[in-house]
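> Sequence isn't available, so here's the structure alone:
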DNA sequence: ATGTATTAAATGTTGCTACATCAACTGTAA
DNA sequence: TTACAGTTGATGTAGCAACATTTAATACAT
């Protein structure tokens, strides 16, 4: 369905405005599906992102500042996200011995197990994006990269 | 810059995962710029979206439910967004005479004036997306439409 | 060694989303 | 007319983003 129909706006000022609106809309559409995927697992999308980052470095610890740097949503409160994950016992937080300001965060076995389960769900979800073939998916990525190239 | 560099993740499971992550990231990138555009105007991005919808129907009133339907971010609290705009005197809220459950919302002169000023800023901002030419912008939109086609 | 600047994390505030629920109102059928 | 289902908007809650500020620890210059 065209973006015009999806948001019931018949005209746009320019191809650029149309593209920008389409991007925000499609991103929400994807984020929404991802969120619905995570909820039954007891975590939110942002908590999942933190866990993924931690798994990427496992068994090495990751500092809160490093987590922030790698998050998609810029930075803000990785500290509070880690809080929630500690409560769920999906990560462990220990004071960094070499720098007592810093905090080392490590994913637990329980956290790794959760991610393993989610991996399967993710693979299934990606299959539902099959309206684009691989070449088109790559082309879309390239256009996005080029768009941001302005910076 | 490639998405791999932007988020410091060297590999993705598939072109589809890469595309999805790229979409979320680029959408945040655009939303961020838009937000910075709005803030000096004293409104948030979501409040701006509500005003745009109201201007589209001006001088006809729009119901809260209609606003929700047209918002990019699905539905939730158009009611509270209208609250904030009423306080700023950018919109007026009156009980709908034909159906006392419904609420008619209309943009004020002050609201229209604000949007006129923002229009210029938007046009300037769109120019900064010029790393893509118009054909590429249209192509990107088409790919996004096709992606959502799965539904 | 001491004072200053810098860094890391935590925390407080505002605004938003998603969801559930509620209250008021309307339409319809018995 | 009355009962009930559906609709419209408001509101309460949890979670996250952006931003500013605070606290603690460290680095550095004098």
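Nice, I can see it. Values in this document were obtained by computation on a predicted structure and should not be read as measured data.

> nearest spatial neighbour of the residue in chain A positioned nearest to chain B, skipping sequence neighbours?
The nearest approach of chain A to chain B comes at residue A:27, 3.1 Å away (Cβ to the nearest Cβ). Heads up, the C-betas are built off the backbone N, CA and C, glycines and all. Spatial nearest neighbour of residue A:27, chain neighbours left out: residue B:27 (3.1 Å); criterion: Cβ to Cβ, 6 or more residues apart in numbering or on different chains.

> which ones are touching the residue of chain A closest to chain B?
Shown in contact with residue A:27 (Cβ atoms under 8 Å, 6 or more residues apart in numbering or on different chains): B:23, B:24, B:26, B:27, B:28.

> could you pull out the strands for chain A?
Under the criterion DSSP state E, chain A contains strands at A:62-63, A:91-95, A:103-107.

> And residue A:75, what's its pLDDT?
Per-residue pLDDT puts residue A:75 at 62.

> how many neighbours does residue A:67 have?
22 (other Cβ atoms under 10 Å in any protein chain shown).

> Which stretches in chain A count as helices?
A:3-7, A:15-38, A:45-57, A:64-70, A:78-87, A:109-127, A:134-148 (DSSP state H).

> Tell me which of these sits nearest to residue B:113.
helix A:15-38 (20.9 Å; Cβ to Cβ).

> Contacts (any at all) between DNA strand C and the closest one?
Yes. Using Cβ under 7 Å from any atom of the strand, helix A:15-38 reaches DNA strand C at A:28, A:31, A:32, A:35, A:36.

> and the residue nearest to the spatial centre of chain A, how far is that from residue A:120?
In chain A, the centroid-proximal residue (Cα atoms, centre = their mean) is residue A:49; its distance is 4.8 Å. Using Cβ to Cβ, to the nearest Å, residue A:49 is found at 18 Å from residue A:120.

> go on, residue A:40?
The separation that residue A:40 has from residue A:120, given Cβ to Cβ, amounts to 13 Å.

> Give the residue spans of chain A that score low on pLDDT.
A:73-76, A:150-151 (pLDDT under 70).

> Quick check: residues of it near DNA strand C?
So chain A meets DNA strand C at A:28, A:31-32, A:35-36, A:39, A:63-66, A:77, A:79-80, A:82-83, A:93, A:96, A:99, A:101-103 (Cβ under 7 Å from any atom of the strand).

> Got a PyMOL select line for the buried ones in these?
Here is the PyMOL command that picks out the buried ones among the residues of chain A next to DNA strand C, judged by 16 or more other Cβ atoms under 10 Å in any protein chain shown:
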select buried, chain A and resi 28+31+63+64+66+82+103
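
> Identify the residues contacting residue A:90.
A:43, A:47, A:51, A:107, A:108, A:110, A:111, A:114.

> What about those, which one has the most neighbours?
That'd be residue A:107 among these, by other Cβ under 10 Å, with 25 neighbours.

> if I look at the closest residue to that residue other than its chain neighbours, how far off is residue A:63?
Take residue A:107 and drop its neighbours on the chain: the residue closest to it by Cβ to Cβ, 6+ apart is residue A:54, 3.9 Å away. Residue A:54 sits 11 Å away from residue A:63, taking Cβ to Cβ as the criterion.

> what touches both of these two?
Joint contacts of residue A:54 and residue A:63 (Cβ under 8 Å, 6+ apart) are residue A:105.

> you'd agree residue A:58 is up against residue A:109?
No. Under the criterion of Cβ atoms under 8 Å, residue A:58 is not in contact with residue A:109, lying 10.1 Å apart.

> Those two - which one has more neighbours?
Neighbour totals were compared for residue A:58 and residue A:109, and residue A:58 leads with 14 against 9 (other Cβ under 10 Å).

> List the residues that contact that one.
A:106, A:107, A:112.

> Relative to residue A:119, how far out is the second one?
In this structure, residue A:107 and residue A:119 are 14 Å apart, going by Cβ to Cβ.

> With adjacent residues omitted, what lies nearest to residue A:123?
Using Cβ to Cβ, 6+ apart, the closest residue to residue A:123 is residue B:13 (7.4 Å).
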